[in-house]
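Chemist: sequence unknown, structure follows:
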Ligand code: IPD
Ligand code: CA
């Protein structure tokens, strides 16, 4: 996609995020229809409705693109570019009327055999905060350039932690929580991965760690973080199409990773 098209893609993703965000704010305190529920997750009828709305907006302007969304696929699978969409990130918060949830939309281009994120949008409709990035340009929050924090001392840092939907994530991350909470200023667990990542990009948090996270949770936030000077460290998770991820300000990864590794090793011995 040419640079001019990336601007057009960003505008289109912003429009789609605002439309879905309007549905979320209208329904914040409404009783929600639950489509399915597992031990650590809820799926709402509104998740699907918001994805459909986003798909319609994106495909109207980019009919040849594909969609990889938390709520399903659309468009031609062999397309050269695809949108990676989380229509409501933080669904459990949203289902309980907690106004901490967002829309996450990334555009990825096919480069060789892989996809590379070139546009990212994360929108918190409850605070009306819109994070945007185009690869190679500074990240922005409501139009203003943002940067990660400068903090290096863990004692000064806020580290956010996420627990994914499976028991494996609890097993891996509970020891990390226990170890980190003694070493950093505060640990936070807010329940919307994409928002935690853009909070790192904005310097509100210094790092965010989660294991067992999906591409739609992290694609847009990862680009925004990198464009804000941060480090989007991630690698495929041993089980399934998921990732281990440690988003950070580029200054604390080694320290946080060392604490996490030691805590998991220790837990494995017990
Ligand atoms: C979840 C949230 C949660 C994170 C999970 C995600 P969803 O996304 O971002 O904070 O810990 O890994 O799957 O289900 O609310 O879209
Ligand atoms: Ca999500």
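Modeler: Everything's here; your move. Keep in mind it's a predicted model, so treat the numbers as computed, not measured. Ligands and ions are numbered 1, 2, ... in the order given.

Chemist: next to ligand 1, which bits of this protein? Give me the list.
Modeler: 41, 70, 86, 89-92, 162-165, 191-193, 210, 213-214, 217 (C-beta under 6 Å from any ligand atom). C-betas here are computed from N, CA, C, even on glycine.

Chemist: give me every residue that touches residue 246.
Modeler: Shown in contact with residue 246 (C-beta atoms under 8 Å, 6 or more residues apart in numbering): 207, 208, 209, 233, 234, 253, 256, 257, 260.

Chemist: could these go into a markdown table alongside pLDDT?
Modeler: What follows is the contacts of residue 246, written out as a markdown table (pLDDT from 0 to 100):
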| residue | pLDDT |
| --- | --- |
| 207 | 98 |
| 208 | 98 |
| 209 | 97 |
| 233 | 98 |
| 234 | 96 |
| 253 | 98 |
| 256 | 98 |
| 257 | 97 |
| 260 | 95 |
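
Chemist: possible to save those residues as JSON lines with distance to residue 267, secondary structure and neighbour count?
Modeler: Formatted as JSON lines, the contacts of residue 246 follow (distance: C-beta to C-beta, whole Å; DSSP: H, G, I helix; E, B strand; the rest coil; neighbours: other C-beta atoms under 10 Å):
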{"residue": "207", "distance to residue 267": "20", "secondary structure": "strand", "neighbour count": "31"}
{"residue": "208", "distance to residue 267": "21", "secondary structure": "strand", "neighbour count": "30"}
{"residue": "209", "distance to residue 267": "15", "secondary structure": "strand", "neighbour count": "26"}
{"residue": "233", "distance to residue 267": "21", "secondary structure": "strand", "neighbour count": "19"}
{"residue": "234", "distance to residue 267": "22", "secondary structure": "strand", "neighbour count": "16"}
{"residue": "253", "distance to residue 267": "21", "secondary structure": "helix", "neighbour count": "17"}
{"residue": "256", "distance to residue 267": "16", "secondary structure": "helix", "neighbour count": "25"}
{"residue": "257", "distance to residue 267": "16", "secondary structure": "helix", "neighbour count": "15"}
{"residue": "260", "distance to residue 267": "11", "secondary structure": "helix", "neighbour count": "23"}
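
Chemist: could the residues you listed go into CSV alongside distance to residue 25?
Modeler: Output for the contacts of residue 246, formatted as CSV (distance: C-beta to C-beta, whole Å):
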residue, distance to residue 25
207, 29
208, 25
209, 30
233, 33
234, 31
253, 35
256, 34
257, 37
260, 36
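
Chemist: any weak-confidence spans in the chain?
Modeler: 240 (pLDDT under 70).

Chemist: grab the nearest non-local neighbour of the residue nearest the centre of it.
Modeler: For the chain, the residue nearest the mean C-alpha position is residue 194 (2.4 Å; C-alpha atoms, centre = their mean). Closest residue to residue 194 apart from its sequence neighbours, by C-beta to C-beta, 6 or more residues apart in numbering: residue 104 at 4.0 Å.

Chemist: which SS class is the one you found?
Modeler: strand (DSSP: H, G, I helix; E, B strand; the rest coil).

Chemist: what of residue 136?
Modeler: Secondary structure assignment for residue 136 (three-state DSSP): coil.
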